[in-house]
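# here you go, sequence then predicted model.
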Amino acid sequence: MHELSLAEDMLDMIIQRSKDDDFERVTKVWLEIGKLSHVEAEAMEFCFDAVVAGSLVEGAVLEIITSEGMGKCLHCQEINCIEHLYDPCSHCGKFGLDIIQGDQVRIKSLEVN
């Protein structure tokens, strides 16, 4: 379950940010999960709650934002909405899309006090 290691990395980043920006508590975390990232939102929520216990993030609401998969065709240069990493171009039918959105997992924003 790579969601556990992602949640641990998130906590580390938030702790570092709290030192840099001098805040003591996080009340909400907005996490962007791309549809092509292979990260399950439900598993991420479970792991997040377990990992942040006893930290400055404990009790924070995790708000998950899903980003669509987008790819640019290497043949016809058209932008495509895609559901899977190896989908063909919806315009020319050829394979070989350069992923431009949807394969990332990132902390979009924090609500702190």
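That came in fine, so what should we check first? Residues are numbered from 1 along each chain as shown.
# which residues touch the closest residue to Cys89 other than its chain neighbours?
In space, Cys89 comes closest to Cys73 once its chain neighbours are excluded; the distance is 4.0 Å by Cβ to Cβ, 6 or more residues apart in numbering. C-betas here are computed from N, CA, C, even on glycine. The contact partners of Cys73, by Cβ atoms under 8 Å, 6 or more residues apart in numbering, come to 79-80, 89, 91-92, 94, 96-98.
# cool, and Asp98?
By Cβ under 8 Å, 6+ apart, the residues touching Asp98 are 71-74.
# buried ones among those?
Buried members of the contacts of Asp98, scored by 16 or more other Cβ atoms under 10 Å, are 71-73.
# sorry, back to before: most neighbours out of the contacts of Cys73, which is it?
Taking other Cβ atoms under 10 Å as the neighbour criterion, Leu97 ranks highest of the contacts of Cys73 with 23 neighbours.
# that one against Cys81, yeah?
No. Assessed by Cβ atoms under 8 Å, Leu97 is found out of contact with Cys81, at 10.6 Å.
# where along the protein do the helices fall?
Using DSSP state H, the helices of the chain run over 2-21, 41-52.
# gap between the shortest one and the chain center?
Put simply, helix 41-52 sits 13 Å off its chain's centre (Cα atoms, centre = their mean, to the nearest Å).
# columns pLDDT on top of the buried ones among the contacts of Asp98, output as JSON lines?
Supplementary listing: these in JSON lines, determined by pLDDT from 0 to 100:
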{"residue": "Gly71", "pLDDT": "97"}
{"residue": "Lys72", "pLDDT": "98"}
{"residue": "Cys73", "pLDDT": "97"}
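# and the contacts of Asp98, which is closest to Gly59?
Closest approach to Gly59 among those (Cβ to Cβ): Gly71, at 38.3 Å.
# not counting its neighbours along the chain, what's nearest that closest one?
In space, and not counting its chain neighbours, Gly71 is closest to Leu97: 3.2 Å by Cβ to Cβ, 6+ apart.
# tell me the bridge partners for the one you found.
For Leu97, the beta-bridge partners under DSSP bridges are Cys73.
# tell me the contacts of it?
Leu97 is in contact with 71-74, 80, 82, 87-89, counting by Cβ under 8 Å, 6+ apart.
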